[in-house]
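In: let's see this in three dimensions:
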Amino acid sequence: PAGPSYRITLRKRNLKQNNELQDISFNYVPGKDSADVLARELVEADLLDGCDLLLVAHNMSELISNPAARERVFPLNSPPAPGQVPVESELHGYAKVLIRLVGSPVP
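Out: Numbers count the residues shown, from 1 in each chain. Here you go, the predicted model:
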């Protein structure tokens, strides 16, 4: 029987694109995917700074274990844009991970 699957979105600022907010979405299937592997793939695709890998993996993992929380905002290790002070509400120096159920268990 197939279990639930989730859509995870990492929302953060992209310093390479005028500091625009960027949503990176991907599917997550418990038992098949892991937060560590997904975060590493984001780094390999140059979508995430390597110094943020463990933070993103940890926050994804926390959210996966408690999907009812729906989202988590956390400070990044990578610096915000030059001259920009960290602002949590605008995700300057912060990132947000969101999760939603896309497939329910099939009996």
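
In: number of nearby residues for residue 22?
Out: By the measure other C-beta atoms under 10 Å, the count of residues near residue 22 is 16. (Glycine included, C-beta is placed from N, CA and C.)

In: so what pLDDT did it get?
Out: Listed pLDDT for residue 22 reads 96.

In: residue 107 now?
Out: With respect to pLDDT, residue 107 has a value of 55.

In: any idea what residue 71 is bridged to?
Out: residue 98 (DSSP bridges).

In: and the helices in the protein?
Out: In the chain, the helices defined using DSSP state H lie at 35-44, 53-65.

In: for the longest one, which positions count as buried?
Out: The neighbour-count check on helix 53-65 (16 or more other C-beta atoms under 10 Å) flags 53, 55-61, 63-64 as buried.

In: list of residues touching that helix?
Out: The contact list for helix 53-65 (C-beta atoms under 8 Å, 6 or more residues apart in numbering) reads 6, 8, 10, 28, 30, 35-36, 38-40, 42-43, 48, 69-72, 74-77, 95, 97-99.

In: filter the residues you listed down to the buried ones.
Out: Buried, going by 16+ other C-beta under 10 Å: 6, 8, 10, 28, 35, 38-40, 42-43, 48, 72, 76, 95, 97-99, out of the contacts of helix 53-65.

In: where in this structure is pLDDT low?
Out: Residues of the chain that meet the criterion pLDDT under 70 lie in 1-2, 105-107.

In: mind redoing it with 90?
Out: Under the criterion pLDDT under 90, the flagged ranges of the chain are 1-4, 15-17, 30-31, 103-107.

In: how about the strands in it?
Out: 5-14, 20-28, 71-75, 94-103 (DSSP state E).

In: perfect, that will be all.
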